[in-house]
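Asker: Just the structure for this:
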Amino acid sequence: MLTRVFSPVRIGSLRLPHRVVMGSMHLNLEHDPPALAAFYRERAEGGAGLIVTGGAGVDRAGAGSPEYLVLSEPGAWDALEPALHAVHQAGALLALQLFHAGRYAMGVTPVAPSAVFSRFSRQTPAAMTEEQIQQTIAAFAAAAATALRRGFDAVEVMGSEGYLINQFASPLTNLRDDAWGGDEDRRAAFPLAVLAAVRAAVGADFPVIVRTSGADFVDGSSTPEQSADLALRLAGGGADALNIGIGWHESSVPSVQSLVPHGMWLDIAGGIRRRIAQAGLDVPVIGSNRVNSLPLAEQALARGDVDLVSMSRPFLADARLVATSRDGDLDLVNECIACNQACIDRSLGVERVSCLVNPRAGRELEFPLLVRGPEPRSPRVAVVGAGPAGMQAAATLAATGAPVDLVEASDSIGGQFLLAGQVPGKEDYLATVRYFRHELARLGVRIRTGAAPSAADLADHAHVIVATGVRPRRVALPGAGALPVLDYQEAFAAPWRVGRRVAVIGAGGIAVDLAHLLVEGVGLGGPDGVQGRGGDHADSRTAERARFRREAGLDQPHAGAPAREITLLRRGRHIGEGIGPSTRWAVLQAIRIAGVRSRTGVEYRRITPDGLVVADADGVEEVIPADTIVVAAGQEPHAPLAAELAALGIPHTVIGGALDASGLNAVRAFEQGLRAGTAVAAGLAVRLAAP
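Answerer: Numbering: from 1, shown residues only. Below is the predicted model of the structure:
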């Protein structure tokens with residue numbers, strides 16, 4: 001029961017129908033007002049109560065990138081008007097986030113409290129003059145006043161994640177010795193001055209939310225105690241609510257990646273909430289980061305960690321997150337898996353933000369919801385292969401009323417998501433499979449597993465979508481009989497076949513995932529030998545958090561050797577190539593701390609009973625000790641059915657890895673499933689309309 005989630009709450013003068021806030025996301029849609037409005041409208045119609053926009057720069061120096069809206073420039077407010085109207089028309093509320101990137105600004109000469117180089121923007125900002133400081137405070141106030149006048153329901157002042165206000169609060173980035181820096185009180189002066197100016201500009205009744213850091217996780221920056229002290233000052237300084245952020249872009253502690261356990265940081269918000277209550281202040285606290293379902297939000301509310309929960313990426317994954325959960329259909333919620341590939345990674349560039357598991361996100365106008373009733377004459381469509389591309393294609397087709405047969409050769413739908421879901425920190429990938437299993441059933445898709453149809457078997461279908469995926473690329477080496485040699489699919493399927501010393505040929509994303517799984521000791525001791533896993537839910541959650549803390553460098557690693565000795569090997573220079581930039585560093589850090597070794601720039605020579613012989617660039621040979629060789633050196637398309645269909649003249653479309661395995665990723669697979677399903681459905685509709 002989600003009784004706490006669906007209890008009303010107030011933020012200042014605003015009464016909210018429930019305790020889930022749709023948090024701020026920069027979408028790279030801000031210069032496409034119709035697309036931005038369509039995105040927000042769908043989430044408002046899906047039950048979002050209060051939506052916070054992506055950050056809008058209060059001036060040009062504060063823009064995160066050239067794609068950001070700048071509120072002091074012509075046209076910015078008009079660009080936001082359609083989104084505001086759409087949200088209000090759907091019965092929801094819209095808060096405008098007031099943003100200044102400081103030393104994180106891109107495309108401009110950044111300004112900051114002090115001239116401290118940023119590893120994120122790779123620039124050294126100019127130290128702000130007194131005049132610039134006063135102008136920036138005034139810009140925040142002017143933007144807030146205009147937001148009130150334009151009809152926004154609240155503003156959120158962005159003071160977390162290492163942006164300008166956070167930079168003023170930090171001893172790492174504020175080296176000043178004037179009224180704006182030098183000790184904790186003076187470092188707090190700028191955040192408090194911005195809040196005071198905003199409050200004065202909008203009056204007492206207009207809600208002002210402040211997003212402030214609960215933990216920077218950067219050496220030399222504010223301590224958690226100092227961050228909590230600032231939060232308390234902001235609560236007493238006129239904030240109607242505090243939204244607690246975690247981590248900087250320069251932090252070496254992951255905060256939003258899939259390997260972060262659910263709700264990992266909510267106790268930090270809980271500590272701040274208790275401090276505020278002890279001070280006798282009635283200011284609600286909003287928690288965020290790695291809460292991807294309403295039951296998780298319910299648990300946080302029940303523990304008393306927060307008054308509200310901010311969820312951003314989960315609204316990308318499922319626009320109807322709130323409505324579907326309120327109806328009790330939790331298995332029909334398409335959960336965020338925190339992969340970051342189509343959202344955060346894109347937000348750091350110029351490509352429009354979307355979602356791996358929901359490729360319609362951000363493309364609502366390009367792919368409107370196609371709903372038509374089943375036609376008596378509708379011919380059946382077959383989708384062969386039930387990995388990401390096939391599942392999405394089948395769901396897209398069935399949503400239009402087309403009768404669909406989904407056929408899968410293995411005994412379960414899910415494809416490579418079933419492999420990914422075994423990896424520590426990637427368990428959420430199995431939630432995607434769970435969602436499609438229930439959604440496809442709801443849509444009436446006939447699913448047949450353990451079947452590999454021939455083209456003749458499909459001759460009575462109007463169209464066939466071939467999504468049969470990939471097969472591991474084979475690597476032939478002399479001496480292959482000297483040791484067991486497995487491909488990555490075999491190793492995932494039967495980790496008990498993998499010995500204690502493992503040489504992995506290949507070091508891309510799949511190899512890194514496999515190493516992360518094997519180094520935990522999974523499969524040692526036989527098919528039931530799973531070290532470090534299992535137990536009841538509470539013990540499993542405790543173990544998961546402990547593993548994460550070790551792999552994030554927050555705790556000392558276990559004494560002694562890792563469960564397996566694993567060496568990742570690559571001809572090229574980079575480990576983890578193909579993993580998104582916001583995730584790659586965190587995963588490589590995790591496996592390195594867990595004891596996985598890597599070697600790059602090597603040539604594979606031969607296999608001996610002692611291991612794998614490799615040579616460096618100078619031809620010097622070395623034996624990598626191994627009991628098992630695992631080949632994870634890429635994939636090849638697997639689509640023999642396509643040639644059979646072509647020979648019989650059966651209309652068909654090939655998508656996903658079956659079409660092209662180069663640069664294979666799930667973002668592309670889901671998107672191709674959406675596009676193919678939409679195109680085939682449109683073709684069927686035209687056919688049915690023909691005389």
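
Asker: rest of the way, CA atoms for contacts and neighbours
Answerer: Noted.

Asker: Walk me through the domains of the chain.
Answerer: 9-329, 381-470+637-689, 474-633 (automatic domain parsing).

Asker: for the first one, how far is the first residue from the last?
Answerer: Using CA to CA, to the nearest Å, the end-to-end distance of domain 9-329 comes to 24 Å.

Asker: can you tell which of the domains of the chain is closest to Arg363?
Answerer: domain 9-329 (7.1 Å; CA to CA).

Asker: Let's test this: mean pLDDT of that closest one, rounded?
Answerer: The average of the pLDDT scores along domain 9-329 is 97.

Asker: swap in stretch 507-522?
Answerer: 95.

Asker: now stretch 664-678
Answerer: So the average pLDDT for stretch 664-678 ends up being 95.

Asker: Secondary structure element holding the residue nearest to Pro478 when sequence neighbours are not counted?
Answerer: What sits nearest to Pro478 in space, not counting adjacent residues and going by CA to CA, 6 or more residues apart in numbering, is Arg606, at 4.9 Å. Assigned by DSSP states H and E, Arg606 belongs to strand 603-608.

Asker: Need the contact partners of that strand.
Answerer: Defining contact as CA atoms under 8 Å, 6 or more residues apart in numbering, one finds that strand 603-608 is touched by 477-483, 571, 612-617.

Asker: I'd like the next helix or strand past the helix or strand hosting Ser213.
Answerer: Using DSSP H and E, Ser213 maps to strand 208-215. Counting by DSSP H and E, the element after strand 208-215 in chain order, helix or strand, is helix 224-236.

Asker: Contacts made by the helix or strand that that next one is followed by with the rest, please.
Answerer: Using DSSP H and E, the next helix or strand after helix 224-236 towards the C-terminus is strand 241-246. Applying CA under 8 Å, 6+ apart, the contact partners of strand 241-246 are 11-12, 160-161, 208-217, 231, 235, 255, 265, 269, 283-289, 310.

Asker: From those residues, list the buried ones, please.
Answerer: For the contacts of strand 241-246, a burial check counting by 16 or more other CA atoms under 10 Å picks out 11-12, 160-161, 208-217, 231, 235, 255, 265, 269, 283-289, 310.

Asker: if we can go back for a sec, for the residue nearest to Pro478, report the pLDDT, please.
Answerer: Reported pLDDT for Arg606: 97.

Asker: same check, this time on Gly532
Answerer: The per-residue pLDDT reported for Gly532 equals 42.

Asker: Show me where the stretch 301-450 of the chain has its strands.
Answerer: Using DSSP state E, counting those that start in this stretch, the strands of the stretch 301-450 of the chain run over residues 308-311, 381-384, 404-408, 446-449.

Asker: Assumed Val108 was part of a strand.
Answerer: No - read with DSSP: H, G, I helix; E, B strand; the rest coil, Val108 is coil and lies in no strand.

Asker: Give me the nearest residue to it, chain neighbours excluded.
Answerer: Once flanking residues are discounted, Val108 sits nearest to Ala61: 6.4 Å by CA to CA, 6+ apart.

Asker: quick one: contacts for the nearest residue to Pro403 once chain neighbours are set aside?
Answerer: Sequence neighbours aside, Arg380 is the residue nearest to Pro403 in space, at 5.0 Å (criterion: CA to CA, 6+ apart). Neighbouring residues of Arg380 by CA under 8 Å, 6+ apart: Ala402, Pro403, Val404, Asp405, Asp460, His461, Ala462, His463.

Asker: Specify which member of the contacts of strand 603-608 is nearest to His88.
Answerer: Arg571 (55.5 Å).

Asker: chain center to stretch 354-370, what's the gap?
Answerer: 16 Å (CA atoms, centre = their mean, to the nearest Å).

Asker: and after the host helix or strand of Ala143, which helix or strand comes next?
Answerer: Per DSSP H and E: Ala143 is located in helix 130-150. The C-terminal neighbour of helix 130-150 among helices and strands, as given by DSSP H and E, is strand 154-159.

Asker: measure Val485 to Gly572 for me?
Answerer: From Val485 to Gly572 the distance is 22 Å (CA to CA).

Asker: which of those two has more neighbours?
Answerer: Taking other CA atoms under 10 Å, Val485 and Gly572 do not tie; Val485 has more neighbours (20 against 14).

Asker: still on that earlier bit, mind saving the C-alpha coords of the strand holding Arg606 as CSV?
Answerer: This file holds the C-alpha atoms of strand 603-608, laid out as CSV (Å, rounded to 0.1, in the frame of the first residue of the first chain):
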residue,chain,number,x,y,z
GLU,A,603,48.6,-9.4,-29.1
TYR,A,604,47.2,-12.9,-28.4
ARG,A,605,49.7,-15.6,-29.3
ARG,A,606,48.6,-19.0,-28.0
ILE,A,607,47.1,-21.0,-25.2
THR,A,608,49.2,-23.3,-23.0
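
Asker: and the helix or strand that comes right after that strand with strand 603-608, angle?
Answerer: Following strand 603-608 in sequence order, the next helix or strand is strand 611-615 (DSSP H and E). Angle of strand 611-615 versus strand 603-608, following axes from the mean of the first three to the mean of the last three CA atoms, to 10 degrees, is 150 degrees.

Asker: for strand 611-615, packing partners?
Answerer: Using 3 or more CA pairs under 8 Å, 6 or more residues apart in numbering; DSSP states H and E, the elements in contact with strand 611-615 are strand 603-608, strand 621-625, strand 628-631.

Asker: Burial-wise, tell me which of the ones you listed comes out on top.
Answerer: Counting by mean count of other CA atoms under 10 Å, strand 628-631 has the highest mean neighbour count of the helices and strands packed on strand 611-615, with a mean of 24.

Asker: That one packs against which elements?
Answerer: Identification of packing neighbours for strand 628-631 by 3+ CA pairs under 8 Å, 6+ apart yields strand 485-487, helix 488-493, strand 501-505, strand 611-615.

Asker: which one of those lies closest to Asn28?
Answerer: Using CA to CA, the nearest of the helices and strands packed on strand 628-631 to Asn28 is helix 488-493, at 36.5 Å.

Asker: sorry, back to before: restrict the contacts of Arg380 to the buried ones and give me that as a ChimeraX selection.
Answerer: Applying 16+ other CA under 10 Å to the contacts of Arg380 leaves a buried subset, and the ChimeraX line that selects it is:
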select :402,403,404,405,461,462,463
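
Asker: Mind picking the two most distant members of the contacts of Arg380?
Answerer: The widest separation within the contacts of Arg380 (CA to CA) is 14.6 Å, between Ala402 and Asp460.

Asker: if we can go back for a sec, of all the residues in the helix holding Ala143, which ones are buried?
Answerer: Neighbour-count burial for helix 130-150, with 16+ other CA under 10 Å as criterion, is recorded at 133, 136-145, 147-148.

Asker: returning to that earlier point: tell me the pLDDT of the residue nearest to Pro403.
Answerer: If you check Arg380, the pLDDT there is 94.

Asker: how about it, phi and psi?
Answerer: Dihedral pair for Arg380: phi -80, psi 150, per degrees, to the nearest 10.

Asker: roughly how far apart are it and Gly595?
Answerer: Note on Arg380: its distance to Gly595, by CA to CA, is 52 Å.

Asker: Report whether Thr567 is found in a strand, as I expect.
Answerer: Yes - under three-state DSSP, Thr567 sits within a strand.

Asker: closest to Gln299 out of the helices and strands packed on strand 628-631?
Answerer: When those are compared (using CA to CA), the closest one is helix 488-493, at 32.9 Å.

Asker: so who does the nearest residue to Tyr163 once chain neighbours are set aside touch?
Answerer: Distance criterion CA to CA, 6+ apart; nearest residue to Tyr163, sequence neighbours excluded, is Ala101 at 4.7 Å. The contact partners of Ala101, by CA under 8 Å, 6+ apart, come to Gly57, Ala61, Gly62, Ala63, Gly64, Tyr163, Leu164.
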